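[1] missing the sequence, but the structure's below:
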């Protein structure tokens, strides 16, 4: 098991990783962050709204199950939002440089790191 700081530092070793954070989706507050390139305070608050909206939509549609991750693709970046399975209300947020990242590998590594993270 790894603590928040160690886990986030490990995420920055993913090819193309620019910055990452662990966010409380209820408040939009950051519990930990590493890297640079995005205003993480603003991103955490905004992505908390994305997670809440998706959960509300799933409920309204009667969809069962959990969100594994949410992917936002920009012209030069990938943004991965991964709600933590073991810690309801928290999500990992990772920004990747699209030219340097392997999206499939990054998603797998985020999942592996999330499984080992302790809060």
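    Yep, it's here. A quick note: this is a predicted structure, and the numbers were derived from the prediction, not measured.
[2] how close does the residue nearest in space to the middle of the chain sit to residue 46?
    The centre of the chain sits closest to residue 93, judged by CA atoms, centre = their mean, with a distance of 2.4 Å. Distance, residue 93 to residue 46, by CB to CB, to the nearest Å: 10 Å. Where C-beta positions appear, they are placed from N, C-alpha and C, glycine not excepted.
[3] can you check residue 82 too?
    If you measure residue 82 against residue 46 using CB to CB, the figure is 16 Å.
[4] If you count contacts, what does the longest helix anywhere in the chain end up packed against?
    In terms of residue count, the longest helix belonging to the chain (DSSP state H) is helix 40-61. Secondary-structure packing of helix 40-61 (3 or more CB pairs under 8 Å, 6 or more residues apart in numbering; DSSP states H and E): strand 17-24, strand 30-35, strand 70-73, strand 77-83, strand 90-97.
[5] Check which residues of that helix are buried.
    Under the neighbour-count criterion of 16 or more other CB atoms under 10 Å, helix 40-61 has 40, 43, 44, 47, 48, 50, 51 buried.
[6] what is the orientation angle of it with strand 90-97?
    Between helix 40-61 and strand 90-97, the angle formed by their directions is 120 degrees, by axes from the mean of the first three to the mean of the last three CA atoms, to 10 degrees.
[7] For residue 80, which residues are in contact?
    By CB atoms under 8 Å, 6 or more residues apart in numbering, the contact list for residue 80 reads 69, 70, 71, 92, 93, 94, 96, 106, 107, 110.
[8] Try it again at 10 Å.
    11, 14, 17, 20, 69-72, 91-96, 101, 103, 106-107, 110-111 (CB atoms under 10 Å, 6 or more residues apart in numbering).
[9] Please apply the same query to residue 45.
    23, 27, 28, 29, 30, 39 are the contacts of residue 45 under CB under 10 Å, 6+ apart.
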